[in-house]
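*Asks:* Sequence and predicted structure, then a few things I'm wondering about:
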Amino acid sequence: MRKTVIALLTTVVLGACSGPSDRWQPTEVRRLNEVVFVNYDHTVRFDPGGGTLASTERGRLDAFLLRIAVSAADEISVDAGGTADDLGLSRADEVAAHVRRRIPGAQVGAGGPGARPEAANVVRIVVGRYSVIPPDCPNWSKPPGFDPTNSDPSNFGCASTTNLGLMVADPADLVRGRELAPMDGEAATLGIQRYRAGEIRTMDLEEVQ
């Protein structure tokens, strides 16, 4: 009986020292940027048997490119519609050429069929890009009271993570690194060799200007 009373008193005392904060788990909040690949598509209509891009369709295409803010970093492809015959390929090439004129530096792939077979007089353009979904910040889900576990606040790191997602020029950089351009290995190591030999050359203000 005495042991039971001591156990109950211990439980009551420990329970009084704890609060909602130490029962909160870090897994309850997401503090990571989510990077997703999204596609935007647009159809360009041609007259039956015609291969010239009409002014109305050109205007619709320009409005689409403007609305989604297409840039040279996007992945752009144009398919030849329901068939990949000479006419379909010619139409795809014309649409691709127009996009290249509108978006300098854009890499546009044009080629075989991709639209529905019944859409014989339609060319489809697809724009793909990575997009960042920032965490749900600020997050104050963790109660601010007494916390003997000394875990991080629920809002810890939210601002830095959100700012990174908003500032990155190309969200694809958060998924994979960029390939390095070819370089002269011998020239690239000269700086390290000078540093190790104590031959670091300092530049005065006049040289910098």
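*Replies:* Thanks, I have it. None of these values were measured; they are calculated from a predicted model.
*Asks:* Tell me if residue 123 really is in a strand.
*Replies:* Yes: counting by DSSP: H, G, I helix; E, B strand; the rest coil, residue 123 is found in a strand.
*Asks:* How about it: which residues does it bridge to?
*Replies:* Per DSSP bridges, the residues bridged to residue 123 are residue 44.
*Asks:* Now that it has come up, it's in contact with residue 78, right?
*Replies:* Yes: look at residue 123 against residue 78 with C-beta atoms under 8 Å: they come within range, at 6.2 Å. Yep, even glycine has a C-beta here, placed from its N, CA and C like the rest.
*Asks:* Show me the strands in the chain, by range?
*Replies:* Along the chain, counting by DSSP state E, strands occupy 34-45, 75-79, 108-111, 122-133.
*Asks:* got CSV for those strands, with mean neighbour count and mean pLDDT too?
*Replies:* Below are those laid out as CSV (neighbours: other C-beta atoms under 10 Å; pLDDT from 0 to 100):
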stretch, mean neighbour count, mean pLDDT
strand 34-45, 14, 92
strand 75-79, 21, 91
strand 108-111, 17, 77
strand 122-133, 19, 92
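*Asks:* out of these, which comes closest to residue 51?
*Replies:* Nearest to residue 51, of all these, is strand 122-133, at 10.3 Å by C-beta to C-beta.
*Asks:* From the contact counts, what lies against the closest one?
*Replies:* Judged by 3 or more C-beta pairs under 8 Å, 6 or more residues apart in numbering; DSSP states H and E, strand 122-133 is in contact with strand 34-45, strand 75-79, helix 86-102, helix 158-167.
*Asks:* Before I go, just wanted to say thanks for your time.
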